[in-house]
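Mind folding the following:
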Amino acid sequence: MDKIIAACGNNCAECPRHLPKSDAQLVETAKLWFDIGYRDSVVSTDEISCRGCYADNWCRYGIVKCASDKNAATCGHCAHYPCDNIKECFASTLKWLPKCRAVCNDEQFERLHTAFFNKKENLDKIKEEN
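Reported below is the predicted structural model:
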């Protein structure tokens with residue numbers, strides 16, 4: 001599967017939220033997000049679905065807006081990479097790794113690992129190539 005790298009380094013092509021997905025797949029993802037602790041409840045398919053990153057989307061670290069303001073497709077394209085903000089994002093993401101391993105089956109874990117836990121490697125590769 002081809003990579004779709006978000007501003008923060010997530011591989012959206014592997015994300016179980018990234019559309020197009022069936023309603024059944026989105027319900028499974030909503031349940032998994034609840035089991036992992038990403039959400040406090042099993043949310044609707046509309047809330048769990050993702051249509052991509054846009055500067056006006058909510059982003060915990062403001063990465064999408066920051067990259068947009070700097071005319072960078074990703075943090076790896078930014079002259080300031082790696083900044084403290086993206087380093088905090090990396091650290092925060094890695095805190096979820098043990099819980100994902102405990103809750104997910106092997107296939108789910110591998111998918112989440114590829115989608116979210118390789119963001120630093122994805123951005124480092126982009127930085128190196130530019």
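
In this structure, where is pLDDT below threshold?
For the chain, the stretches with pLDDT under 70 are 1.

Give me the helices and strands touching the longest helix along the chain, please.
When the chain is parsed with DSSP state H, its longest helix is helix 23-36. For helix 23-36, the elements it packs on are helix 45-48, helix 97-103, judged by 3 or more C-beta pairs under 8 Å, 6 or more residues apart in numbering; DSSP states H and E. No exception for glycine: its C-beta is placed from N, CA and C like everyone else's.

Of all the residues in the following helix or strand past the last one, which ones are buried?
For helix 97-103, the succeeding helix or strand toward the C-terminus, using DSSP states H and E, is helix 106-112. Neighbour counts using 16 or more other C-beta atoms under 10 Å place 108-109, 111-112 of helix 106-112 among the buried residues.

now, which of these sits nearest residue 18?
Lowest distance from residue 18 to these (C-beta to C-beta) belongs to residue 111, with 11.0 Å.

What distance do you get for that closest one to residue 7?
Distance of residue 111 to residue 7, computed by C-beta to C-beta, to the nearest Å: 20 Å.
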